[in-house]
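**Student:** give the three-dimensional model of this entry:
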Amino acid sequence: MTDQLTEEERAAVDAYMADGGQVSVVKNESRFDKIARRRKLVGQLRSDGQTYTQIVDSMRDRGWFITISTVAMDLKQIGMVRETPRDGSGKPSISQVKRARAQEHAKRVFDRRRFKTTPVPFGEPSRMVDASEDGPVFKDRVFQVDGNETVLKDGCNNSKIGGDVLVGRLKGAHIVTLTLPERTTCPSSCKMWRGCYGNSMHYARRWAPGPELERQIESEIKALCASYELVLVRLHILGDFYSVGYVNLWAGLHKEHPGLHVFGFTAWPEDSRIGQAVANLRCEYPDRFMVRVSGRTGTWGSFTLPFPTEAKTIGDAIVCPEQLDGMKGSPDGRHCGNCGICWSTDRPIAFVEH
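**Tutor:** Modelled structure (predicted):
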């Protein structure tokens, strides 16, 4: 009987059988079937732990004369992520390691919050201070940066924030928070100057602004972005941008670290130098620097409501879903990590005073 295989196919079969394998021969195999068979074999070799160079050699032993580029293309087509560089060295690049780590992290993200009971807003500040107050009520909770403690805290320590993003385009992002001294770093025009919720936060660790803080932030962001594909910073739990230079620090960090994202609020008017710098940075990175202007409605605005509500929207604004859930007793366990509204839309957000 005449052999129905080509010389190349016969060599592949003979080599495979010599290694103890078993092959099902398909007569009159089409070009597409042949490619599918090649890709299946490449995938099996990769699953066995072979590098791209080793796969090329193994395929040559089986009569398939392919290049490293073909191996890469085949693995991509069958859904096996490339983990080694084209030179076949077997050593993955930094970006490949981070991408693989992020993909694995996103698969297993869950609610890591240490505490899951959040404050219930009632529509009025919990504590008012005199208008002459120019810093935190708890002045002993302002700390100087000395390098012995991180200033960017894991979001899992904050019941309202959460440790990871669980939904949306930033799913899997690691969340950290930064707290500065309220009023000390804020514009006196802030509508919440007297009723800042920091007035009741006697446990919060506030970091003194200045060059030491900025150097520490730069160092910690570099370390975080080396460890996580996506990093989301909540600026500022308390406090605000205290100088144009400080805003420029975040501009430089965004340029240097593509995986860095920021969300938060500022009370600085957009016609002020700091407010303009914040607006410019948001325009430059609209999908990564999601900082809203407090005390107004409109695009990228936010404001407070002096009353509790069950409404999901007020005018053009979205009422904070975390607060709505909190006013019902938190049945859905809503927090920033599983909400994402603040960084997913430029519509204004309304918050009930608390």
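
**Student:** now the end-to-end length of stretch 296-310.
**Tutor:** Counting by Cα to Cα, to the nearest Å, you get 21 Å between the two ends of stretch 296-310.

**Student:** how about residues contacting it?
**Tutor:** The list of residues contacting stretch 296-310 from outside it, by Cβ atoms under 8 Å, 6 or more residues apart in numbering, reads 121-124, 191-192, 265, 282, 290-295, 314-317, 319, 324, 327, 346-353. The C-beta positions use only the backbone N, C-alpha and C, and glycine is treated the same way.

**Student:** out of the residues you listed, which are buried?
**Tutor:** Among these, the ones that count as buried by 16 or more other Cβ atoms under 10 Å are 121, 192, 265, 282, 290-295, 317, 319, 324, 327, 348-353.

**Student:** ok, which stretches of this structure are helices?
**Tutor:** For the chain, the helices defined by DSSP state H cover 7-18, 31-47, 52-61, 68-77, 94-108, 211-227, 244-256, 273-284, 321-327, 341-344.

**Student:** now distance to residue 201 and mean pLDDT too, for the ones you listed, in CSV please.
**Tutor:** Shown next, in CSV, are the helices of the chain (distance: least, Cβ to Cβ, whole Å; pLDDT from 0 to 100):
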stretch, distance to residue 201, mean pLDDT
helix 7-18, 69, 55
helix 31-47, 52, 87
helix 52-61, 54, 88
helix 68-77, 50, 83
helix 94-108, 30, 60
helix 211-227, 19, 96
helix 244-256, 22, 98
helix 273-284, 23, 97
helix 321-327, 17, 89
helix 341-344, 20, 94
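
**Student:** just those: most buried one?
**Tutor:** helix 321-327 (a mean of 21; mean count of other Cβ atoms under 10 Å).

**Student:** now for that one, which elements pack on it?
**Tutor:** strand 349-352 (3 or more Cβ pairs under 8 Å, 6 or more residues apart in numbering; DSSP states H and E).

**Student:** ok, the strand it packs on: who's next to it in the sheet?
**Tutor:** Here strand 349-352 is paired, per DSSP bridges, with strand 301-305 (parallel), strand 317-319 (parallel).

**Student:** and residue 333, how far from residue 322?
**Tutor:** Distance, residue 333 to residue 322, by Cβ to Cβ, to the nearest Å: 10 Å.

**Student:** what sits against the nearest residue to residue 339 once chain neighbours are set aside?
**Tutor:** Of all residues beyond its chain neighbours, the one nearest residue 339 is residue 321 (5.0 Å), with distances taken as Cβ to Cβ, 6 or more residues apart in numbering. Shown in contact with residue 321 (Cβ under 8 Å, 6+ apart): 312, 334, 339, 341.

**Student:** for the third one, the count of nearby residues, please.
**Tutor:** Going back to what we said before, that points to residue 339. 21 (other Cβ atoms under 10 Å).

**Student:** that one against residue 319, yeah?
**Tutor:** No. Applying Cβ atoms under 8 Å, one finds residue 339 not in contact with residue 319, separated by 11.7 Å.
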